[in-house]
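> Just a sequence and a predicted model for now, questions to come.
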Amino acid sequence: VAVYGSASTTPASFNVSGNNLTAGILITPPAGFEVSQTSGESGYAATQTVGSAGAVASTTVYLRLAAGTASGTYSGNVVCSSADANPVAVAVPSSVVQQAPLSITANDIVKPFGQSLTLGAGQTGFSSIGLVGAETIGSVTLSANGGTAADAAPGDYTLTPSAATGGSFAPGNYTISYKTGKL
């Protein structure tokens, strides 16, 4: 299990070995996974080559969900292949990338009496906490429970954000909570 934006913390492992090989063993994981020949946090990549021509001693290979993998369920086979040898498939148990938490808060707005305020889709008056990496949100829809008309009575009104869209983030990778602001 992993959370979007983070690699899984407990990698699976398996051993590979071979004899009379004309090249090393290429380890290719299914989509969403990465492999390493070291048990630590470093060394993970889309593929790994274990050993070279001749004999390859038993070597542990580590498998984890990659940090950039979208939320969802993943499975498939790790394929171990080498020139002039039959490939071997190692089944990967079903693994899940959970949505990351994301909080979006409407910015407070001060509107003078006598001026009207247009809200709705395409608003950029918000802040967010929880985006992964350099992802961005383009805009949100803002609504208020009053106070937007030019002749609205002075007072405090609630600004409610919703429907985050645009930018570089994918809403499906997040569990979004919206927090109100004040007009």
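Here it is on my side, so go on.

> Which strand residues bridge residue 34?
residue 64 (DSSP bridges).

> just use 56 as the starting number from now, easier for me
In the new count, where the first residue is 56, that last one comes out as residue 89.

> mind checking how far it is from residue 147?
Distance from residue 89 to residue 147, counting by Cβ to Cβ, to the nearest Å: 12 Å. Yep, even glycine has a C-beta here, placed from its N, CA and C like the rest.

> Identify the contacts common to the two.
By Cβ atoms under 8 Å, 6 or more residues apart in numbering, residue 89 and residue 147 have these common neighbours: residue 118.

> Run through the protein and note the low-pLDDT ranges.
Residues of the chain meeting the criterion pLDDT under 70: none.

> and residue 89 and residue 147? which has more neighbours close in?
residue 89 (22 against 19; other Cβ atoms under 10 Å).

> The more buried one against residue 99, yeah?
Yes - taking Cβ atoms under 8 Å as the definition, residue 89 is a contact partner of residue 99 at 4.3 Å.

> anything in contact with each of these two?
Common neighbours of residue 89 and residue 99 (Cβ under 8 Å, 6+ apart) are 62, 119, 121.

> neighbour-wise, which of these leads?
Neighbour counts for the shared contacts of residue 89 and residue 99 (other Cβ under 10 Å) peak at residue 119, which has 23 neighbours.
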